[in-house]
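>>> Predicted coordinates and the sequence they were generated for:
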Amino acid sequence: MSEVVDFQRMRRELIELYERFLENPEDETTNKKIISYELIYGGLSSYNDILKSRPVPIDVERALNGLSTIYQYGLWDDSHKAFSNDRIISAAKSVLEDLKKSE
């Protein structure tokens with residue numbers, strides 16, 4: 001059975017996740033939601049690499065990719081110097097701004 005992806009709904013959900021993250025980057029509940037969401041939908045962004053039609057909107061693709069950066073290099077773990085806390089926050093703000101423009 002095929003499923004149609006509602007990118008507007010996904011955009012709203014991503015906005016909510018990013019807002020919650022930016023309100024309290026160290027909140028464990030939000031981080032668990034980010035991980036769960038990325039595990040379910042994160043693979044969608046790869047369709048843009050495979051299909052010529054690039055079906056996933058660029059802001060959604062960027063937001064999905066950003067979720068993995070947040071939970072893999074999140075603010076609770078400062079051992080990954082490639083992604084500083086400031087860089088993660090700045091990128092999350094930029095992603096949120098793009099999502100809101102496309103809403």
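Yes, it's here.

>>> got a list of what the spatially closest residue to residue 93 that is not a sequence neighbour touches?
Sequence neighbours aside, residue 22 is the residue nearest to residue 93 in space, at 6.6 Å (criterion: CB to CB, 6 or more residues apart in numbering). For glycine as for every other residue, the C-beta is placed from the backbone atoms N, C-alpha and C. With contact taken as CB atoms under 8 Å, 6 or more residues apart in numbering, residue 22 is in contact with 89, 92-93, 96.

>>> Likewise for residue 66?
For residue 66, the contact set (CB under 8 Å, 6+ apart) comprises 18, 91-92, 95.

>>> host element of it?
Using DSSP states H and E, residue 66 sits within helix 58-72.

>>> Can you point out the buried residues in that helix?
59-64, 66-67, 69-71 (16 or more other CB atoms under 10 Å).

>>> possible to save those residues as TSV with pLDDT?
Formatted as TSV, these follow (pLDDT from 0 to 100):
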residue	pLDDT
59	96
60	96
61	95
62	95
63	96
64	95
66	91
67	91
69	82
70	83
71	78
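
>>> Can you tell me which of these is nearest residue 41?
Within the buried residues of helix 58-72, the smallest distance to residue 41 is 6.1 Å, found for residue 64 (CB to CB).

>>> The residue nearest to residue 93: which element?
Going by DSSP H and E, residue 22 is in helix 7-23.

>>> to the chain's geometric centre, what's the distance from that helix?
8 Å (CA atoms, centre = their mean, to the nearest Å).

>>> Mind exporting the C-alpha coordinates of the following helix or strand past it to PDB?
Using DSSP H and E, the helix or strand that follows helix 7-23 towards the C-terminus is helix 28-41. Taking Å, rounded to 0.1, in the frame of the first residue of the first chain, the C-alpha atoms of helix 28-41 are listed here in PDB:
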ATOM      1  CA  GLU A  28      15.100  15.000  27.100                       C
ATOM      2  CA  THR A  29      11.400  14.600  26.100                       C
ATOM      3  CA  THR A  30      11.900  16.900  23.100                       C
ATOM      4  CA  ASN A  31      15.100  15.100  22.100                       C
ATOM      5  CA  LYS A  32      13.300  11.700  22.200                       C
ATOM      6  CA  LYS A  33      10.600  13.200  20.000                       C
ATOM      7  CA  ILE A  34      13.200  14.400  17.600                       C
ATOM      8  CA  ILE A  35      14.900  11.000  17.400                       C
ATOM      9  CA  SER A  36      11.500   9.300  16.900                       C
ATOM     10  CA  TYR A  37      10.500  11.700  14.100                       C
ATOM     11  CA  GLU A  38      13.800  11.400  12.400                       C
ATOM     12  CA  LEU A  39      13.700   7.600  12.500                       C
ATOM     13  CA  ILE A  40      10.200   7.600  10.900                       C
ATOM     14  CA  TYR A  41      10.600  10.300   8.300                       C
END
